[in-house]
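Undergrad: let me see the structure of the following:
(one chain, ligands or ions: 3)
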Amino acid sequence: MIADLSLYLVTDPDLCGARGVVETVRQAVDGGVRIVQLRDKAATDADTTALLIELSRVIDGRALLVVNDRLDAALAAREQGARVDGVHLGQGDASVLRAREVLGPDAIIGLTANTPEHLQGVLALPEGTVDYLGVGVIRPTATKPDHPPALGIDGFEALAAASPVPCAAIGGVRIDDTEALRAAGAAGLAVVSALCAADDPAATAQEFVHRWRGAGAPRVLSIAGSDPSGGAGIQADLKSIAANGGYGMAVLTALTAQNTCGVRAVHVPPPEFLRAQLDAISDDIVVDAVKIGMLADADVIRTVADWLDEVRPPIVVLDPVMVATSGDRLLDPDAESALLGLLGHADIVTPNLAELAVLTGQDVDDWEAALAAADVLSERFGVAVLVKGGHLDGDEVPDALVDSAGGLRHGYPGARIATAHTHGTGCSLSSALATQLARGLTPVEAVAAARAWLRESLRAGGALQVGQGRGPVSHLAGLWRRGGLDTAAAAEEIREDWWERIASVRADIDELPFITALADGTLARDLFLFYLGQDALYLRDYARVLAEAARLAPTSHEQAFWAHSAHGAIVGELELHASWLAPAGGGDARTFAATPAPATVAYLDHLRSVAFGGDYDELIAALLPCFWLYTDLGGRLHAGELDAFARDPRHPYASWLETYADPAFAAATEEAIDHVMAAAHRTDAAGRQRMLRAFTVSSEHERAFFAAAESPAPTT
Ligand SMILES: Nc1ncnc2c1ncn2[C@@H]1O[C@H](COP(=O)(O)OP(=O)(O)OP(=O)(O)O)[C@@H](O)[C@H]1O
Ligand SMILES: Cc1ncc(CO)c(N)n1
Ligand SMILES: [Mg+2]
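TA: Numbers count the residues shown, from 1 in each chain. Ligands and ions are numbered 1, 2, ... in the order given. Sure thing, here's the model as predicted:
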């Protein structure tokens, strides 16, 4: 099994303080920690064994448990019935080969690695010896006083890229590093003080998990049957997961011969084959959420339950499918009691009215009765219940979420959408819900997001014209409507064409002595200050032209974007300029003291003349090079592509380099490109030609602006 390293707690008895290690671990696991490493250099082996036994009890299979260094304690605790999943070893500790030999092939064995030589060592071992690496330290930290020099995020990225096994980032990791570390290839964050010393370890763990989930697409597994007509089952699940922002995977429990009119036959592959599919996933892929649909019979249920027991994915949504929309059975009647056994493995179960009646043995004739039955179900099995009102008579189709703890209810009223095409709504809703939960939404928010998406898809279902019976919903309607597909492909082509058309301008900029000297740090300070003085003048009026784009924008979204960019130019970028030009104060008077050079005047005249023409499309095309060329140049400078020294924090112009390599600036540039390309796609050939001209002329002004800084005209 592959270890889920997403949030990794390393214990420290001193930092846990009076609360103690056991209580800290309990709370941290409540909050979403997925793997715990017991680390106590001072404890005896006997103490360590006893503590492992206690930790195994409080963790109760909800997270993996490994011990730092103490192989013998791990073995002793295992002998006494504790679930100890493995060990984490340092470079100087016991041999990983011996650990693998005595703990067996299923144990989780981790190793600390912080140099390319350590990676070489891992590569030299037989495959399967080491499961993961702890790579650090990321930042200087007090919890490991003898730590090697900090790698930083870039250093981590280089090691992780060369590692044959997943790498957790460890050492001084801060919550604000989450996105950058995930982007750098981290399989997870290992934290010591941030959790051990937290006032509320559960809340802190939740925050980390939330940030981690928000930083990447979740890997969502559907365990369900196949519907060849594509509206229900795994086919619906994969579309729903994708539409809601997840990476979808599917393990088949059963194949149906089915269309929009009904189910003709069901084939259930042997349970061993189901298990083989499940293991193929969990041996290789960290599963962020599971959605369970059609289970066919009791053998299938048992197989899934056993696998869930071993793997314990962090989010499990169970759609207790019994009967299809068409009225055909999808679960053996004698397997209904086995399904009850699976409820304890789920976080949320999503019954319709009939399923709720079967699961509780109560009559569920109206919405009041449904809510009462949901309370009973939730209390009896400790599971949250999303009751679905799709089968109610009348114009209202409410859903309601009943919390597992405390029975809090959240109602979602909704008017019935006039459509016959509801085949697979239950499958689609539960997969969307699993995906939204795995993206980090709370249950109440995730249900709201899944419902909003489903309602849009239900409205568009009829237009698909799939089948003669109850047709499917249109899972991707939202993406199609938002201009996806055709627009995206065409916009991509225009984008590549325009970028190519300024290739020679870009190549010239790279060669300018001003740029090469900026990259290698030899640029004379007075040239840099001349450039900044001109750039300050430029930015002040550039911001005014951005504001004009906001005034002309056709949608409030674009209006807000250009207005925000204007604010960023006048506040964010100018702050940097002022810090160089007026370090001792003096404000505007010093920041804008320069006499405008000809290149500055010329560029601004161009922007103002396009703005004066009042054509929004042309104006945003003229504004684009300032975003795009700076993001491109800033990114390449920061990556050391022009000169390795540009990555060094001691570079004399490091603060300038940082500003233009900022991921937020890159994101703004992507959005600006999107708006310009969408406009270029919308307009006719003549309009596109005018846009292209405005764009290339601005690019040439960018080149001239940099060139002017090589040999500035004397200023007064
Ligand atoms: N006509 C409709 N208009 C609006 N929402 C609907 C409509 N039909 C179903 N829904 C919604 O679709 C979801 C699925 O509800 P339903 O009660 O139909 O589940 P189900 O019977 O399990 O579906 P399935 O038949 O696919 O198994 C719920 O959120 C429900 O409110
Ligand atoms: C395979 C499959 N799963 C679930 C449903 C429920 O709609 C269906 N019709 N088919
Ligand atoms: Mg259903």
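Undergrad: wait, residue 426 sits on residue 321?
TA: Yes - at 7.0 Å, residue 426 and residue 321 qualify as touching, with contact defined as CB atoms under 8 Å. Where C-beta positions appear, they are placed from N, C-alpha and C, glycine not excepted.
Undergrad: neighbour-wise, which of those two wins?
TA: Under the neighbour definition other CB atoms under 10 Å, residue 426 and residue 321 were set side by side, and residue 321 has more, 27 against 24.
Undergrad: from ligand 2, how far off is that one?
TA: For residue 321, the distance to ligand 2 equals 5 Å [CB to the nearest ligand atom, to the nearest Å].
Undergrad: those residues of the protein touching ligand 2, which are they?
TA: Taking CB under 6 Å from any ligand atom as the measure of proximity, the chain contacts ligand 2 at 224-227, 232-233, 256, 258, 293-294, 321, 324-325, 330, 424, 426-427.
Undergrad: so which of the residues you listed sit within helices?
TA: 233, 426, 427 (DSSP state H).
Undergrad: what's the closest of these to ligand 1?
TA: Nearest to ligand 1 among those is residue 426, at 2.4 Å by CB to the nearest ligand atom.
Undergrad: can you tell me the closest non-neighbouring residue to that closest one?
TA: Taking CB to CB, 6 or more residues apart in numbering as the measure, residue 426 lies nearest to residue 319, with 5.7 Å between them; neighbours along the chain are not counted.
Undergrad: also residue 341?
TA: residue 305 (6.3 Å).
Undergrad: tell me what the helix or strand containing the one you found is packed against?
TA: According to DSSP states H and E, residue 305 maps onto helix 298-311. Helices and strands in packing contact with helix 298-311 are listed as strand 247-259, helix 271-282, helix 336-343; criterion 3 or more CB pairs under 8 Å, 6 or more residues apart in numbering; DSSP states H and E.
Undergrad: just checking, what packs against the helix or strand following it?
TA: Sequence-wise, the next helix or strand beyond helix 298-311 is strand 316-318, with elements assigned using DSSP H and E. Packed against strand 316-318 by the contact rule (3+ CB pairs under 8 Å, 6+ apart) you find strand 289-292, strand 348-349, helix 425-438.
Undergrad: could you redo the last one with a cut-off of 6 Å?
TA: Packed against strand 316-318, as judged by 3 or more CB pairs under 6 Å, 6 or more residues apart in numbering; DSSP states H and E, are the following elements: strand 289-292, helix 425-438.
Undergrad: does residue 168 belong to a helix or a strand, and which?
TA: Applying DSSP H and E, one finds residue 168 within strand 167-170.
Undergrad: please compute how far that strand lies from its chain's middle.
TA: 17 Å (CA atoms, centre = their mean, to the nearest Å).
Undergrad: how near is the most centrally placed residue in the chain to ligand 1?
TA: Central residue check for the chain by CA atoms, centre = their mean: the C-alpha nearest the mean position is that of residue 216, 1.7 Å away. For residue 216, the distance to ligand 1 under the criterion CB to the nearest ligand atom works out to 27 Å.
Undergrad: and what of residue 356?
TA: Relative to ligand 1, residue 356 is positioned 10 Å away (criterion: CB to the nearest ligand atom).
Undergrad: same check on residue 661?
TA: When distances are taken as CB to the nearest ligand atom, residue 661 and ligand 1 turn out to be 45 Å apart.
Undergrad: around the closest residue to that residue other than its chain neighbours, how many other residues sit close by?
TA: Closest residue to residue 661 apart from its sequence neighbours, by CB to CB, 6+ apart: residue 638 at 3.4 Å. Residues within reach of residue 638, counting by other CB under 10 Å, total 18.
Undergrad: residues near the residue in the stretch 551-700 of the chain positioned nearest to ligand 1, how many?
TA: Per CB to the nearest ligand atom, the residue of the stretch 551-700 of the chain with the smallest distance to ligand 1 is residue 557, at 27.5 Å. Residue 557 has 10 neighbouring residues, counting by other CB under 10 Å.
Undergrad: ok, now residue 517?
TA: Based on other CB under 10 Å, the number of other residues close to residue 517 is 18.
Undergrad: quick one: contacts for it?
TA: If you count contacts by CB atoms under 6 Å, 6 or more residues apart in numbering, residue 517 has them with residue 523.
Undergrad: can you give me phi and psi for it?
TA: Here the main-chain torsion angles of residue 517 (degrees, to the nearest 10) amount to phi -70, psi -30.
Undergrad: same check on the one 4 residues further on?
TA: Backbone torsions for residue 521, taken as degrees, to the nearest 10, come to phi 80, psi 0.
Undergrad: quick one, what contacts it?
TA: Contacts here follow CB under 6 Å, 6+ apart; on that basis residue 521 touches 645, 651, 652.
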